[in-house]
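Peer 1: Dropping a prediction and its sequence here:
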Amino acid sequence: MKPSCCICYTTDPAYLLPTFVSATQARRHAMAHKADIIIYSFGATPQAEAAFARASAAENIQFIPVPAKTISGANAMLARLFLSRYVAPDYDRFLYIDGDTQITASLDPLLDFPVPRGQFLAATDPMTFAAPGADKHGREITAYFSSIGIPLQEQHRYFNTGVLFINRDGWEEIGLEAWSLFEKYRAQTRFPDQDALNLAGLAKCIPMSLTWNFPIFMRNARVAQQIRPRITHFMGSPKPWHGVFLPWGREAYQPYLNIIEKHPALGEYLPRMKKSRKIRYFFQQNYKYGLETLTWAMNDRRQRILNYEDSLSGAPGWKQFEPGPHLA
């Protein structure tokens, strides 16, 4: 029996290989009767489409090229807004996942959650844990949220759009409103697509554990052991496919090498970095390790993260899941 849920990715040519790696992990960690895995590709060459279609078929993943006109000429970053247009009508729920992620444990408990009509699940963005602070950074975030029209009492609910579990019923309206807001305000916003989705959908968002969208830098906040992430989100730069850096090490870099060994034709699609930039990022990441340990692990931001997680256990219709393994 065909599942009524799909785990979907949207990608441009630059993210083809990283997205494929995450998708293979999703396939390994989601039971086939619960969800199909689909990569929607925008703008890839026929050669790339053929290579990834073959590799995807071998991994029990669907690879579907989508014309740019389907998403009103927007780029792949915004394709999540238009999911209702090109995801087959058989699926009534979508688990959207960014390509700069890795999945290390079962997704089945999340897939079992009955997302209500007109709503979706998302984890709060890490900015919200800094915003209440009395320091300059916290005040700047609060001021920014206010400047884009998010009321002070709602700013703690600002969500990250890297992982979204969506009920199809109602998403078209949310997505189209977000697209309209994006076009109207993109020059005035710092995170145009994410800000637009928050402005359009904040009232319809159900908070989700960071287990399902764990920002990699939070390892420096020393909360991974408590949260035990199943989906790790590599926000910012460098990315794990660029090499072995703090805070992830070789464990997060190795999957890209493994997939190329298994599918050699994909080797040319591994994003590469100049040696000079790698050296710069090596020192940057070591500096950030010290700074983020000091500013996140050793003050009240860490406790806010843990309080957020604790608060979900009492949320209506929510349940805590057994923790999965996390990156060491």
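Peer 2: Received, thanks.

Peer 1: Now the lengthiest helix in the chain - C-alpha only, PDB.
Peer 2: Counting residues, the longest helix found in the chain (DSSP state H) is helix 275-292. Provided in PDB are the C-alpha atoms of helix 275-292 (Å, rounded to 0.1, in the frame of the first residue of the first chain):
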ATOM      1  CA  LYS A 275      42.800  25.100   0.500                       C
ATOM      2  CA  SER A 276      43.200  28.700   1.600                       C
ATOM      3  CA  ARG A 277      39.500  28.800   2.600                       C
ATOM      4  CA  LYS A 278      39.800  25.500   4.400                       C
ATOM      5  CA  ILE A 279      42.700  26.900   6.500                       C
ATOM      6  CA  ARG A 280      40.700  30.000   7.300                       C
ATOM      7  CA  TYR A 281      37.700  28.000   8.300                       C
ATOM      8  CA  PHE A 282      39.900  25.700  10.500                       C
ATOM      9  CA  PHE A 283      40.900  28.700  12.600                       C
ATOM     10  CA  GLN A 284      37.300  30.200  12.400                       C
ATOM     11  CA  GLN A 285      35.700  27.000  13.700                       C
ATOM     12  CA  ASN A 286      38.200  26.700  16.600                       C
ATOM     13  CA  TYR A 287      37.500  30.300  17.600                       C
ATOM     14  CA  LYS A 288      33.800  29.700  17.400                       C
ATOM     15  CA  TYR A 289      34.100  26.600  19.500                       C
ATOM     16  CA  GLY A 290      35.600  28.700  22.300                       C
ATOM     17  CA  LEU A 291      33.200  31.600  21.900                       C
ATOM     18  CA  GLU A 292      30.000  29.600  21.600                       C
END
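
Peer 1: Past that helix, which element shows up next along the chain?
Peer 2: helix 300-312 (DSSP states H and E).

Peer 1: Tell me where this structure has helices.
Peer 2: 16-28, 46-58, 83-86, 108-111, 127-130, 136-147, 171-185, 192-201, 224-227, 250-262, 275-292, 300-312.

Peer 1: Between its first and last residues, how far does stretch 156-175 reach?
Peer 2: Start and end residues of stretch 156-175 are separated by 22 Å (CA to CA, to the nearest Å).

Peer 1: Which residues does stretch 47-65 contact?
Peer 2: Contact with stretch 47-65 is made by 13, 16, 20, 23-24, 27, 32, 36-42, 44, 86, 263, 265-266, 269, as judged by CB atoms under 8 Å, 6 or more residues apart in numbering. Every residue, glycine included, has its C-beta placed from N, CA and C.

Peer 1: quick one: residue 293 and residue 222 touch, right?
Peer 2: Yes. Counting by CB atoms under 8 Å, residue 222 is a contact partner of residue 293 at 7.4 Å.

Peer 1: which ones are touching residue 10?
Peer 2: Applying CB under 8 Å, 6+ apart, the residues contacting residue 10 are 40, 42, 76, 79, 80, 96.

Peer 1: Residue 167 now?
Peer 2: Here residue 167 is in contact with 92, 93, 115, 116, 117, 118, 119, 120 (CB under 8 Å, 6+ apart).

Peer 1: so who does the closest residue to the second one other than its chain neighbours touch?
Peer 2: In this case it means residue 93. Distances taken as CB to CB, 6 or more residues apart in numbering place residue 5 nearest to residue 93, at 4.4 Å, with adjacent residues excluded. Residue 5 makes contact with 34, 35, 36, 91, 92, 93, 94, 95, 111, according to CB under 8 Å, 6+ apart.

Peer 1: my guess is the second one meets residue 8, correct?
Peer 2: I take that to be residue 35. No. Using CB under 8 Å, residue 35 is not in contact with residue 8; the gap is 9.3 Å.
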